[in-house]
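Asker: sequence and predicted structure below; questions after.
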Amino acid sequence: MLVNARDMLIKARKEGYAVGQFNINNLEWTKAVLLTAQECNSPVILGVSEGAGKYMTGFKTVAAMVKAMVEELNITVPVALHLDHGTYEGAQKCIEAGFTSVMFDGSHYGIEENIAKTKEIVAMAHAKGISVEAEVGSIGGEEDGVTGKGEVADAQECAMIAGLGIDFLAAGIGNIHGKYPANWQGLDFEALEKIMNATDGMPLVLHGGTGIPAEMIQKSIALGVAKINVNTECQLSFAEATRKYIEAGKDQQGKGYDPRKLLAPGFEGIKATVKEKMELFGSVGKA
Ligand code: 13P
């Protein structure tokens, strides 16, 4: 069932678990996430970065593929199709293309411009029943060639952005995309508590879900996090399973690899990672 992400995250925030956002890159990726969500009876968010959208030939293709797949695989758990780290133009395109949720990442603008642009996106999205995520305090690390510094968000700025009618808020608390370095200081829970207290029950979003220790995930959920984004960990499990398959030399003597068989282990790798995360985030059985 394709829905926006608003109600599923309000429920998660109230009941004390988080919904996973898993970034998709192609048909196999999407199918693996959808089937796992159904098997786990868990709500799920499919994240699409602008780069991944371009790779899959455009947002319209992605929306059509996801809509058809949800129908043809008989997926009955709530599924949101969400733009990840959208620009102002990208968010507009996804609103037109049939996404059910968008993130407008105005964290690199000054707070005034972030507010003005977020307001416009909220008006456009809500007119079509589409949910909106905004961001304060950029997430560190590299994603789609964009490198963020990893600021800790200011609670008052979070309160200002939360007051614009957005549905959920990503706030930087020392989290970064990709693997965490050995000297990482961990998440800033003092900052998260201040943000939770300043944002009046709004579901909060934790980006950079790869490699965060379980106890930090649990503490984040207790402090208002209701959506956790995972990308790198699915990529790693996909690549590792594919590498092992190729190293085992299972090609078809002279005909190369059967593409479906070649992608099958990676597909199972993604499924295993998604299941593990859903169990950790507490969303299993919550559809
Ligand atoms: P990771 O790649 O660290 O899992 O982060 C994903 C993410 O936050 C997407 O927005």
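Answerer: The structure has been received and is ready for your questions.
Asker: tell me where the protein has strands.
Answerer: Shown for the chain, the strands assigned by DSSP state E span residues 19-23, 44-49, 79-86, 101-104, 131-136, 141-143, 146-148, 168-171, 204-206, 225-230.
Asker: hey, least reliable of these by pLDDT?
Answerer: Of all the strands of the chain, the minimum mean pLDDT falls on strand 146-148 (a mean of 53).
Asker: could you dump the strands of the chain into JSON lines with mean neighbour count added?
Answerer: For every residue, glycine as well, the C-beta is placed using N, CA and C. As requested, those are exported to JSON lines (neighbours: other C-beta atoms under 10 Å):
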{"stretch": "strand 19-23", "mean neighbour count": "26"}
{"stretch": "strand 44-49", "mean neighbour count": "26"}
{"stretch": "strand 79-86", "mean neighbour count": "28"}
{"stretch": "strand 101-104", "mean neighbour count": "29"}
{"stretch": "strand 131-136", "mean neighbour count": "28"}
{"stretch": "strand 141-143", "mean neighbour count": "18"}
{"stretch": "strand 146-148", "mean neighbour count": "17"}
{"stretch": "strand 168-171", "mean neighbour count": "28"}
{"stretch": "strand 204-206", "mean neighbour count": "28"}
{"stretch": "strand 225-230", "mean neighbour count": "28"}
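Asker: so which of those gets nearest Lys179?
Answerer: strand 141-143 (8.6 Å; C-beta to C-beta).
Asker: returning to that earlier point: okay, the strands of the chain in TSV with distance to Ala191 next?
Answerer: Formatted as TSV, the strands of the chain follow (distance: least, C-beta to C-beta, whole Å):
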stretch	distance to Ala191
strand 19-23	21
strand 44-49	24
strand 79-86	21
strand 101-104	20
strand 131-136	11
strand 141-143	18
strand 146-148	16
strand 168-171	8
strand 204-206	11
strand 225-230	12
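Asker: would you mind listing what in this structure touches the ligand?
Answerer: Selection of the chain residues close to the ligand by C-beta under 6 Å from any ligand atom yields 23, 47, 84-85, 177-178, 207-210, 229-233.
Asker: 8 Å instead?
Answerer: By C-beta under 8 Å from any ligand atom, the residues of the chain that approach the ligand are 21, 23, 47, 49, 84-85, 103, 139, 141, 143, 175-179, 206-211, 229-235.
Asker: what's the neighbour count on the closest residue to Gln185 other than its chain neighbours?
Answerer: Closest residue to Gln185 apart from its sequence neighbours, by C-beta to C-beta, 6 or more residues apart in numbering: Gly174 at 6.0 Å. The number of residues packed near Gly174 is 20, by other C-beta atoms under 10 Å.
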